[in-house]
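K.L.:
mind folding the following:
(2 chains)
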Amino acid sequence: MKKFIPLLFAGLSFGALAIGAHAGEGALDAKHISYSFEGPFGKFDKAQLQRGYKVFKEVCSNCHSMKLVSFRNLSDKGGPGFTEDQVKALAATFTVHDGPNDKGDMFDRKGRASDAFPWNFPNDEAAKAANGGALPPDLSLITKAREGWHGTFNQLINGIGGPQYVYSLVSGFQDEPADLAKEKPEGKYYNPYFVNGPWISMPPPLSDGLVTFDDGSPNKVDDLARDVSAFLAWTAEPKMEERKKTGFEVMIYLAVLAGLLYFLKKQVWRDVH
Amino acid sequence: MSGPSKYQPTSAVGKWFHERLPIVAFAKDHALDFPTPKNLNYWYTFGGILAVMLVVQIVTGIVLVMHYTPQTDLAFTSVEHIMRDVNYGWMLRYLHMNGASMFFIAVYIHMFRGMYYGSYKAPREVLWMIGVIIYLIMMATAFMGYVLPWGQMSFWGAKVITNLFSAIPFVGDSVTTWLWGGYSVDNPTLNRFFSLHYLLPFVLAGVVILHIWALHVVGNNNPAGVDVKGPGDTVPFHPYYTIKDGFVIVVFFMFYALFVFYGPNYLGDAVNYVPANPLSTPSHIKPEWYYLPFYAILRSIPDKLFGVIAMFSSILILFFLPWLDTSRVRSGRYRPIFKLEFWIFAVVCVALGFIGSKPPEPVYVFWSRILTFYYFAHFIIILPVLGLMETPKPAPNSISDDVLGKSSLMPAE
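P.N.:
Below is the predicted model of the structure:
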């Protein structure tokens, strides 16, 4: 019986190794870049979120929706840190389809802070028709819905790599390898990071200098990808800073309470042992 | 409960009330004075942890329901509304979804503790079987709760699990239609799962009361596995175990908080942040971690019907455990071979869980069959035979001897 355990472990680990090579999802692991918001005390970089918002607005939002985020969220605590006036002004640059009014007609009006981020398309079908039959996914939760890498322990240490996935995807377009060239479907692009890849309907969205920042921040593809992926990390988890701060307070409180209870327990039990 | 109640009403009002409803005496006898073996170790604190987790789930759940909408077009966004717009909604939801995992971590430790110390053996068979019923209700409740956010894995998980019932001969398709409330997983399915997800925790609370009742009839087992022989073997539940359980509950909460605040989605599946789409199947459908061993058993068998039978049998077999274990010695501590075999069994369960999380590729299927065989062999072959063949080590004469570390000169029982 005792010999069975090492055998079992050996067999299992061999099995795991043998399969490890193609157990993944087929796509390349995302690039391991780091962000300011990682770790138990990590916070969003407000300037980066504002830059990321600009990239999203000028580039991504041409096709993608952001249905779960409202303009007012842009001035929420723990977010990009726009002021309320900035948000009002920024919302007013959008036109929102609203109605019906008291005559029963639909009408267009200026955006308000309470509006959800408007989408360029009236419905999914219109978006598909304009994008070669592929629906651009809503980006509100994209960094929580995509994994950059896999593995139970890997994800415990490094997280699921959602922002890194977005970063790698938008900056990772390549010319297809020669042996795959003749498989290339019409109107698709080669992207080894794409989860359902390697052929993706989205054309490379970023190019060097595509978006310019007022403060002259660097705007190469790599910079734009970092900024927009950080912004999308915030849209997916807007309460992250509050969560980590509360968590720290909760842990301190529980640790002190546990300590007190431990000594109380020792006191109560001293005559029994 | 041994002996008459120690409760004496001190005031006239108290006496008047006691003669009409002796609930204060009942509470004092069962929550404060209840004689509890004094040698219980920390593995015995998980019952208390489970009771607290049930309360946490019910309280957070009731508040979540105030903001949730059980309708296929709105369910996903209403959960995100909780995460984004409701004050501390993110905390309530993360507490509830990680609370389910903590509940299962605690219940698995509680069950393995019972198996190691032979807590299912006479006279605690009914106590154990009520526990198995609790476990089954927990699994049903957690499964239906996972469907409620109406993400991709909610939808496809519901589809895969309810489809299992279609394997039943002759009536299978009718049963699944009945479960779904239609011809596919859709709004009626979500509505009934929501209704039952709200109902079952209260059923669970009722069965937990039966579990505690059964416990208080026969008394606790203990690590030595010997019966209580006199008042010297026990201490009153309060303050001894209220304080000990209280300490461990706070430590457990720290573990829980680590997930809630620093890795709230680690135990979940990223795909569930994509809204349900009946037209797009996720590449890799898998249930939450706590079902994975059973999922592996299901997939280890090539035939759907027999796979389903094996999966349900793997849980239902626990009902027969009190009679499958033939050993006359209760605690595994004094059973050298069983002790080793117990850990092999535990590793087998974890390994099955690991395989359940993997795609059904040949290497995994091969190992899942061997491990499934071992899982059943543990109950049907090893435990009955081992109990008859094994020579146990001497158990202590009494709980007091156990606490003092005296080993008995007498052979066990």
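K.L.:
my guess is B:W156 contacts B:S280. True?
P.N.:
No. The pair B:W156 / B:S280 is not scored as a contact, 9.4 Å apart, by C-beta atoms under 8 Å. C-beta here means a position set from N, CA and C on the backbone, and glycine is covered the same way.
K.L.:
those two: who's more crowded?
P.N.:
Taking neighbours as other C-beta atoms under 10 Å in any protein chain shown, B:W156 and B:S280 compare with B:W156 leading, 21 against 13.
K.L.:
not counting sequence-adjacent ones, nearest residue to the more buried one?
P.N.:
Of all residues not flanking B:W156 in the chain, B:I285 sits nearest, at 4.9 Å (C-beta to C-beta, 6 or more residues apart in numbering or on different chains).
K.L.:
again with B:H18
P.N.:
B:P9 (4.5 Å).
K.L.:
what's the answer for B:S5, then?
P.N.:
Nearest non-adjacent residue to B:S5 (C-beta to C-beta, 6+ apart): B:A25, at 4.6 Å.
K.L.:
tell me how far that neighbour lies from B:K6.
P.N.:
9 Å (C-beta to C-beta, to the nearest Å).
K.L.:
kindly report the same for B:G47.
P.N.:
24 Å.
K.L.:
ok so, going back, so the residue nearest to B:S5 makes contact with B:G14?
P.N.:
No. Judged on C-beta under 8 Å, B:A25 makes no contact with B:G14 at a distance of 10.1 Å.
K.L.:
where's the residue nearest to B:S5 relative to B:F354, distance?
P.N.:
51 Å.
K.L.:
which of the two has more neighbours?
P.N.:
Set side by side, B:A25 and B:F354 show more neighbours around B:F354, with 20 against 17, by other C-beta under 10 Å.
K.L.:
now the helix or strand where that one lies: buried residues?
P.N.:
Secondary structure assigned from DSSP states H and E places B:F354 in helix B:336-356. Neighbour-count burial for helix B:336-356, with 16 or more other C-beta atoms under 10 Å in any protein chain shown as criterion, is recorded at B:338, B:341-342, B:344-345, B:347-349, B:351-356.
K.L.:
what residues does the stretch 101-250 of chain B put near chain A?
P.N.:
B:V235, B:P239, B:Y240, B:I243, B:K244, B:G246, B:F247, B:V250 (C-beta under 8 Å from any C-beta of the partner chain).
K.L.:
next up, the contacts around the residue lying closest to B:P396 once chain neighbours are set aside.
P.N.:
Leaving aside its sequence neighbours, B:P396 sits nearest to B:D402 (C-beta to C-beta, 6+ apart; 4.3 Å). Contact analysis of B:D402 by C-beta atoms under 8 Å, 6 or more residues apart in numbering or on different chains lists B:N39, B:N222, B:P223, B:A224, B:V226, B:P396.
K.L.:
dead centre of chain B: give me the residue that sits there.
P.N.:
When C-alpha atoms, centre = their mean is applied to chain B, the residue found nearest the centroid is B:V107 (3.5 Å).
K.L.:
what segments of chain A are helices?
P.N.:
A:4-23, A:46-58, A:84-92, A:124-130, A:142-145, A:152-158, A:162-171, A:221-236, A:240-269 (DSSP state H).
K.L.:
the ones you listed into a markdown table, with extra columns for distance to chain B?
P.N.:
Below are the helices of chain A laid out as a markdown table (distance: least, C-beta to the nearest C-beta, whole Å):
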| stretch | distance to chain B |
| --- | --- |
| helix A:4-23 | 5 |
| helix A:46-58 | 16 |
| helix A:84-92 | 16 |
| helix A:124-130 | 10 |
| helix A:142-145 | 4 |
| helix A:152-158 | 6 |
| helix A:162-171 | 7 |
| helix A:221-236 | 8 |
| helix A:240-269 | 2 |
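K.L.:
want to try a markdown table for those, with mean pLDDT as columns?
P.N.:
Output for these, formatted as a markdown table (pLDDT from 0 to 100):
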| stretch | mean pLDDT |
| --- | --- |
| helix A:4-23 | 42 |
| helix A:46-58 | 97 |
| helix A:84-92 | 96 |
| helix A:124-130 | 95 |
| helix A:142-145 | 98 |
| helix A:152-158 | 92 |
| helix A:162-171 | 97 |
| helix A:221-236 | 98 |
| helix A:240-269 | 98 |
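K.L.:
now tabulate the ones you listed in a markdown table and tack on mean neighbour count.
P.N.:
Converted to a markdown table, those look like this (neighbours: other C-beta atoms under 10 Å in any protein chain shown):
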| stretch | mean neighbour count |
| --- | --- |
| helix A:4-23 | 13 |
| helix A:46-58 | 21 |
| helix A:84-92 | 15 |
| helix A:124-130 | 13 |
| helix A:142-145 | 24 |
| helix A:152-158 | 12 |
| helix A:162-171 | 26 |
| helix A:221-236 | 25 |
| helix A:240-269 | 15 |
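K.L.:
so what's B:V248 closest to, chain neighbours aside?
P.N.:
Closest to B:V248 by C-beta to C-beta, 6+ apart is B:T45, at 4.0 Å.
K.L.:
for the one you found, grab the count of nearby residues.
P.N.:
Applying other C-beta under 10 Å, we find 23 residues neighbouring B:T45.
K.L.:
distance of it from chain A?
P.N.:
11 Å (C-beta to the nearest C-beta, to the nearest Å).
K.L.:
tell me the pLDDT at that residue?
P.N.:
pLDDT recorded at B:T45 is 97.
K.L.:
touching, it and B:K244? I think so.
P.N.:
Yes. Using C-beta under 8 Å, B:T45 is in contact with B:K244, at 6.5 Å.
K.L.:
top helix in chain B by residue count?
P.N.:
Per DSSP H, chain B has its longest helix at helix B:187-218.
K.L.:
and that one, what does it pack onto?
P.N.:
If you count contacts as 3 or more C-beta pairs under 8 Å, 6 or more residues apart in numbering or on different chains; DSSP states H and E, helix B:187-218 packs onto helix B:46-65, helix B:125-147, helix B:152-164, helix B:172-180.
K.L.:
I'm done for today, thanks for sticking with me.
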